[in-house]
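>>> Pasting the sequence and the predicted model now:
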Amino acid sequence: MVQAYIGLGSNIDHPVDHVTRAFYALDRLPSTRLIGRSALYLSSPHGPPNQPDFINAVAVLATALAPLALLRHLQAIERRHKRVRAPKWGPRTLDLDILIYGKILCHYPQLIIPHPLLQQREFVLLPLGEISPELKVPGNGKVKTLIDRLDRVKKARVNRLP
């Protein structure tokens, strides 16, 4: 079993419900169990203007699925949530990203691990830091160090929900 960290996000059509239901769907994947999850966070959107704020979270899975198989299962969950992939970084019902998969570095046409923008995304780093601050992101250092490098403006755009 490998520990995989999954970023979750939603900003339309009842985002809290989509993210909450996604946690349950992740726990039901074959050869996989949900072993940790962050709180929900409210964050300002990146990408096209005039879209609602996002609900973000991070899940930790113990999985025997290979990275590309895990990606296929995540995309199937997104489809069940009626995910539409256009425009880029636009509003979405559910976005599931493999952030980290064990200690591996990989670069497939459809998947790069660790997620290539992870170290820049406060809406990923803050929930990730809540559950695994000492985690080493392959090729980038510890999560808590990456969070310390974020400027205050970026950190202020993300708020933990009660």
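Sure thing, it's come through.

>>> going forward, measure contacts and count neighbours with C-alpha atoms only.
OK.

>>> Leaving out the residues flanking it, which one is nearest to Pro114?
Closest residue to Pro114 apart from its sequence neighbours, by Cα to Cα, 6 or more residues apart in numbering: Ile100 at 4.8 Å.

>>> The residue lying farthest from the centre of the chain: which element?
In the chain, counting by Cα atoms, centre = their mean, Asn50 sits farthest out from the average C-alpha position, at 22.1 Å. Under the criterion of DSSP states H and E, Asn50 resides outside all helices and strands.

>>> hang on, isn't Glu35 packed against Arg28?
Slight slip there: residue 35 is Ile, not Glu. No - in this structure Ile35 lies outside contact range of Arg28 using Cα atoms under 8 Å: 11.9 Å.

>>> any idea how far the residue farthest from the centre of the chain lies from Phe23?
Distance from Asn50 to Phe23, counting by Cα to Cα, to the nearest Å: 27 Å.

>>> Over to Pro162?
From Pro162 across to Phe23, the span is 18 Å (Cα to Cα).

>>> neighbour count winner among those two?
Phe23 (19 against 6; other Cα atoms under 10 Å).

>>> can you confirm the more buried one is in a helix?
Yes - if the criterion is DSSP: H, G, I helix; E, B strand; the rest coil, then Phe23 is within a helix.
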